[in-house]
Every structure is written in C-alpha cells, then in structure tokens.
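*Asks:* sharing a model prediction with you, sequence too.
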Amino acid sequence: MTFRRPPRVATWLLKHLLYGRHKESLMGDLIQLHQDGRSSGWYWRQVLTALLAGFGDAVRTLGISLAMSLCAAWGAILLWRELNALFIRNSGDLYWFLRDALGSFAPALDGTNGILVLVWLVGAFLRVLCFAASGWIVARLHPRQQRIAITALIVSLLVWSVPWQQIRIVGAELQSLTHYGSALAGILVGGWLAMARGSGRKLART
C-alpha cells in the first residue's frame, strides 16, 4: 500500500500551532484517515477546524496572563504609531538631508523617485523594528505557550486596525499589503528571536 502524504503545510500548522493535550493523537487520526482515502481538501478543513477550536481553548485557559502579554506587546505597536507620526512630520527634512548627502547622485535618483524610496524604506524599517519588539515581548512574557501568544497578537492586529499613515509611493492596495506584510514579518522575526533565545538557555542548562 502506497503512503499518501498529507499536505505538508497543514501538517506543519497542526504540529506547531495546535493547543491541547490530545495533539499527537489527533494528528495521528487525521493522517490515518487521509491515508485511508480522505481528500486533501477534507484534511485541510479538519486542520483549520482543530486550530480554531484549539485557539479558543487556549484563550479561555490562558486568560489573564495572555491578555497582559498582549497589552504589553501593543505598547510597542502604539510606540510605533507615535514614532511614525513624528517621522511623517519630519519626512520632508529627511528627504532634503538625503538629497544633500548624496550630492551628485541626487539628480539621477530624483528622476526615478529614488530619494523618496529611501525615505519610505526608513519608515518601513521603523515599522518592522517596532513590530519585532511587539512579537519579542509577547513571546517572552508568555514562555509556556509562545506560538499561541504570537498567533493571538497577529489576530488582534487584524481585528483592531492600526492607522497605516505612511508616505505613498505605490497604489493604495499594494501599500496596505506592504504595511501588513512588514508588520507581520516583524512580529514573526521578534517572536522567533525570543523562542530561539529561550531554546538556547534550555540547552545551556542541560
């Protein structure tokens, strides 16, 4: 009998994000049922259902401690909002500073909006840095369920919209995508750094 490999991404999500004591048995049951003939679409539906149920259980179980870590992480996001507003107000000065600093290259860059892109990249870096701090904070404050805490932070970011004030150099839809994409990337990088540091400490103790 040929082994039917279930969708790898779905299995990875189930392995790393599912909350609950019965994770291993559920994974085994789903893989076995897929092996017995269930479709990949069915497998995906079961995985997403299990993840949603597990996330709800985690929120109810972790309760106050999760809420407190999310509040602390949102402190970094609100800090970004204030720093970004300050950056927007002074972006014109930064533009002329870069123009003067680049000297003979400035005319060529001006023709392709190059200097404006540099200013935009500074703002994007500031955003990624602050959101990385939020991901690091929520993972550090919730060391026992770091992936659940990071997922909750991402969900809260999607539910409560943050004003994405930014220098516009692309269309509105692409700009919104880059804002959310860079914010998500920052959270994941910060969370990964916190988890990697925690794993390093555990190895050092052993």
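*Replies:* Nice, I can see it. Computed from a prediction, not measured in an experiment: that's the story for all the values here.
*Asks:* right, and Phe131 touches Leu79 too?
*Replies:* No - shown here, Phe131 and Leu79 do not form a contact pair, counting by C-beta atoms under 8 Å, at 10.4 Å. Heads up, the C-betas are built off the backbone N, CA and C, glycines and all.
*Asks:* more crowded one of those two?
*Replies:* A count of neighbours by other C-beta atoms under 10 Å puts Phe131 above the other of Phe131 and Leu79, at 26 against 13.
*Asks:* regarding the more buried one, what is its secondary structure?
*Replies:* helix (DSSP: H, G, I helix; E, B strand; the rest coil).
*Asks:* quick one: the helices in this structure, in order.
*Replies:* Ranges of helices within the chain are 8-17, 23-35, 40-89, 91-102, 106-111, 114-141, 146-159, 172-205, based on DSSP state H.
*Asks:* what's the weakest-modelled helix or strand in the protein?
*Replies:* helix 106-111 (a mean of 61; mean pLDDT, DSSP states H and E).
*Asks:* nearest residue to Ala149 in space, please, no chain neighbours.
*Replies:* His142 (3.8 Å; C-beta to C-beta, 6 or more residues apart in numbering).
*Asks:* check contacts around the one you found.
*Replies:* The contact partners of His142, taken as C-beta atoms under 8 Å, 6 or more residues apart in numbering, are 62, 65-66, 69, 148-149.
*Asks:* surely Gln35 meets Asp29?
*Replies:* No - with contacts counted by C-beta under 8 Å, Gln35 stays clear of Asp29, the gap being 10.6 Å.
*Asks:* and Leu141, how many residues sit next to it?
*Replies:* Leu141: 18 neighbours (other C-beta under 10 Å).
*Asks:* which one of the contacts of His142 is nearest to Trp12?
*Replies:* Nearest to Trp12, judged by C-beta to C-beta, of the contacts of His142 is Ile148 at 15.8 Å.
*Asks:* could you report the pLDDT at the most centrally placed residue in the chain?
*Replies:* Compute the mean C-alpha point of the chain, and by C-alpha atoms, centre = their mean the closest residue is Leu184, 2.9 Å away. In this model, Leu184 is scored at 88, pLDDT.
*Asks:* ok, it - contacts?
*Replies:* 131, 154, 157.
*Asks:* distance of the nearest residue to the second one once chain neighbours are set aside from Arg144?
*Replies:* Leaving aside its sequence neighbours, Ile154 sits nearest to Ile187 (C-beta to C-beta, 6+ apart; 6.0 Å). For Ile187, the distance to Arg144 under the criterion C-beta to C-beta, to the nearest Å works out to 19 Å.
*Asks:* comparing the two, which residue is more hemmed in?
*Replies:* Neighbour count, other C-beta under 10 Å: between Ile187 and Arg144, Ile187 has more, with 27 against 8.
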